[in-house]
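Enquirer: When you get a sec, could you give me coordinates for this:
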Amino acid sequence: MMKFPDSFSNIPGRETLARSQVLQRSWPVVLDLCVAGIGLACFYGVVVIARYWFGHPEPEITISQSPRALPQYAFYSVVRIGLAYLLSLVFAIGYGYIAAYSKRVEPLMIAGLDILQSIPVLSFLPGVMLAMVALFPTRQIGVEMGAIVLIFTGQVWNMAFSFYSSIKSIPRELSEAASIYKFSRLQKLIQLELPYAAIGLVWNSMVSVAGGWFFLMACEMFVLGTRDFRLPGLGSYLQTAAGTGNYSAITWGLLTMIAIIVATDQLVWRPVIAWSDKFKFEQVESGSRVRSPLLHLLQHSRGLRTLRHHTVVPLEEGLYRRLADQRVVGAAAKTAKSEGLVAKNGIVSAVLRGLVIVIAAVAVLYAAWQALTLLRQVQGGEFVGILKGAMATFLRVNVALILAAAWTIPAGVAIGFHPRLARIAQPIAQIAASVPATALFPVLLLALVRFGGGMGIGSIALMLLGTQWYILFNVIAGAMAIPSDLKEVATLFHFTTIQKWKTVILPGIFPFLITGLVTASGGAWNASIIAEYFRLKNQTLQTVGLGAVISAATDSGKFQILLLATIVMALMVVTINRLVWRPLYRLAETRYKLGG
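Expert: Numbers count the residues shown, from 1 in each chain. All right, here's what the predicted structure looks like:
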């Protein structure tokens, strides 16, 4: 350590001041070096992935159970989940926006969302994988894109529901202010709708990524008829270890996954949550804010500030300038248009709309005819078995939902109301939600068998492990979104605990809770394909259920049974959504909405 001269060090406070100035000047340099290092690492990762994806396909590679293979496998899995999440985010925003503002197609789109979220990942498997392999027959990217799309189908639906419900619950005064200032659609999306939906979207993103980890085992290693697809990754590593009963490999795989989840929580989710907290709708500033040291450091990085000043700021200014010019030109053009031009444009748009409808109708009719041709092969006994399985799975799903709601609602409110508790509980919940329950299922199943249980109880436990997080993270988001002034009013008037829950907490979290319950219900049906049909030490354990029917049909290549079981599951979920969840959504939009 360098020593200062006596004449300098004897001056009171001089050494402390000099050290603080040196640290203050050196920190931005260290941050910029870290940012540059991350950028170089990302560039190297892109090169590695591109080299692997555009190589020759390797659908049936041998999955090593050595811990030395875990870093490479973990990298491949993180890339798949990250790309699937980005695809899910774009789709969720676009789908939720169109559904919220298009009155004609809103019922159809929400019904479609109900159907899609109820379809298990394995039901998408044949069409998605065969289509992607056909598009890229000589490249590994075909199989990889198929796996990414399968992970996407396990992530996207709750994010779309969250964004849709957030737009529908925007306070009236904010929408009126946007109209008064004549915001364009893009301006309203960027400056009102995305910020207002940010908290719910962030927490649903966390549970979506957790869902991606949950279904990773099914998406990286699967059997399709006579073809055995295996992709190098953590999911295939854990599934291989579970199938052979290699508990040492399972432990190493879980430790690696937990390390990735903790790093993701600290480096991604905590800064994003702290950033999104500023979008909370409240009239009184909260005294307790979510904080992230990493976000604070990134905000003080000179390199990032310079990069933003030369890239993002000019793009924003150019975009808003162009929008303003288009508004002026559009207003002038609207005034100058003649009636003949308006009529001509109306005819052209009507013809194009009719053409799109005809093409869509032909495609639907062709798909329906092919489906009917396939369904004719189903035997009567197989149909009865599907109905029995549907009733058994229906009972398990409802038991799992009741058990999940019983603890996630109070726990989520406590975490959302107390930032200190959130700093501890958030990474724990993120880890617990992300660990594939199928990796823990062998131990759980052996314990249940020892105490007199079996696959019937084990499947409920596995559904609970896979779906309770949808409710928990949505309740946390709802509790965090409750304005601080409402909490202060409850404290000022000395509300009892029951009064606070009845007048502040339950109304405040109600829209988020309904979103969580809807997605948890769909997730429980989806999880049944894993919960009711499991391979352990080269043997298959199954119980009566619709998920078991779907998994067995996928393994044996009986696509007619797979199609019929998927249709039955979709019809049951849509019926429940129409009779139960849709009325509750309307109640959330009309009665439990900030700003009335």
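
Enquirer: hey, let's count contacts and neighbours off CA atoms from now on
Expert: Will do.

Enquirer: quick one, strands of the stretch 451-596 of the chain?
Expert: With DSSP state E, counting those that start in this stretch as the definition, the stretch 451-596 of the chain shows strands at residue ranges 533-536, 539-542.

Enquirer: could you dump the ones you listed to JSON lines with mean neighbour count?
Expert: Converted to JSON lines, these look like this (neighbours: other CA atoms under 10 Å):
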{"stretch": "strand 533-536", "mean neighbour count": "19"}
{"stretch": "strand 539-542", "mean neighbour count": "14"}
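
Enquirer: export the ones you listed to a markdown table and tack on mean pLDDT and distance to residue 190?
Expert: Converted to a markdown table, the strands of the stretch 451-596 of the chain look like this (pLDDT from 0 to 100; distance: least, CA to CA, whole Å):
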| stretch | mean pLDDT | distance to residue 190 |
| --- | --- | --- |
| strand 533-536 | 74 | 45 |
| strand 539-542 | 76 | 48 |
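
Enquirer: would you turn the ones you listed into a markdown table with distance to residue 78?
Expert: What follows is the strands of the stretch 451-596 of the chain, written out as a markdown table (distance: least, CA to CA, whole Å):
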| stretch | distance to residue 78 |
| --- | --- |
| strand 533-536 | 25 |
| strand 539-542 | 29 |
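
Enquirer: Relative to residue 80, which of those strands is closest?
Expert: Across those, residue 80 has its closest neighbour in strand 533-536 (23.9 Å, CA to CA).

Enquirer: follow-up on the earlier one: can you tell which of the strands of the stretch 451-596 of the chain is closest to residue 566?
Expert: Across the strands of the stretch 451-596 of the chain, closest to residue 566 is strand 533-536 (CA to CA), at 15.6 Å.

Enquirer: what lines up beside that closest one in the sheet?
Expert: Its sheet considered, strand 533-536 pairs with strand 539-542 (antiparallel) by DSSP bridges.

Enquirer: Put the alpha carbons of the strand it pairs with into CSV.
Expert: What follows is strand 539-542, C-alpha atoms only, in CSV (Å, rounded to 0.1, in the frame of the first residue of the first chain):
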residue,chain,number,x,y,z
GLN,A,539,-39.6,-47.8,-16.7
THR,A,540,-42.7,-45.7,-17.2
LEU,A,541,-44.9,-44.7,-14.3
GLN,A,542,-48.3,-43.4,-15.1
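
Enquirer: contacting residues around that strand?
Expert: For strand 539-542, contacts defined as CA atoms under 8 Å, 6 or more residues apart in numbering pick out 455, 532-535, 548.

Enquirer: Run the chain-centre distance for it.
Expert: 30 Å (CA atoms, centre = their mean, to the nearest Å).

Enquirer: what do you get for stretch 357-364?
Expert: Counting by CA atoms, centre = their mean, stretch 357-364 comes out at 31 Å from the chain centroid.

Enquirer: Start the count at 441 instead of 1 going forward.
Expert: Right, with 441 as the first residue, what we last looked at is stretch 797-804.

Enquirer: average pLDDT for it?
Expert: In this model, stretch 797-804 has a mean pLDDT of 82.

Enquirer: Now do the helices in the stretch 741-890 of the chain.
Expert: For the stretch 741-890 of the chain, helices defined by DSSP state H, counting those that start in this stretch occupy the ranges 742-750, 752-776, 779-815, 820-857, 859-874, 877-890.

Enquirer: Worst mean pLDDT among those helices?
Expert: helix 752-776 (a mean of 59).

Enquirer: Quick check, central residue of the chain?
Expert: Residue closest to the mean C-alpha point of the chain, counted by CA atoms, centre = their mean, is residue 648 at 2.3 Å.

Enquirer: Just list what the one helix or strand it maps to packs against, helices and strands only.
Expert: In this structure, residue 648 sits in helix 634-654 according to DSSP states H and E. Applying 3 or more CA pairs under 8 Å, 6 or more residues apart in numbering; DSSP states H and E, one finds that helix 634-654 contacts helix 510-541, helix 581-608, helix 710-716, helix 859-874, helix 895-921.

Enquirer: about what we covered before: ok, the residue nearest to the centre of the chain to residue 932 distance?
Expert: According to CA to CA, to the nearest Å, residue 648 stands 38 Å off from residue 932.

Enquirer: Just give the number of residues close to residue 584.
Expert: Applying other CA atoms under 10 Å, we find 23 residues neighbouring residue 584.

Enquirer: Can you verify my assumption that it contacts residue 495?
Expert: No. Checked against CA atoms under 8 Å, the pair residue 584 and residue 495 is beyond contact range at 11.4 Å.

Enquirer: Let me see the residues that make contact with stretch 960-972.
Expert: Taking CA under 8 Å, 6+ apart as the rule, stretch 960-972 contacts 554, 557-562, 833, 837-838, 840-841, 878, 895-896, 898-900, 902-904, 906-911, 981-988, 990-991, 1009, 1013.

Enquirer: gap between that stretch and the chain center?
Expert: Centroid separation between stretch 960-972 and its chain, computed with CA atoms, centre = their mean, is 16 Å.

Enquirer: same deal with stretch 484-501?
Expert: Taking CA atoms, centre = their mean, one finds the center of stretch 484-501 at 25 Å from the center of the full chain.

Enquirer: pLDDT on it, on average?
Expert: On average, stretch 484-501 scores 72.

Enquirer: lowest-confidence helix or strand of the chain?
Expert: Using mean pLDDT, DSSP states H and E, helix 446-449 stands out as the lowest-scoring helix or strand of the chain, at a mean of 46.
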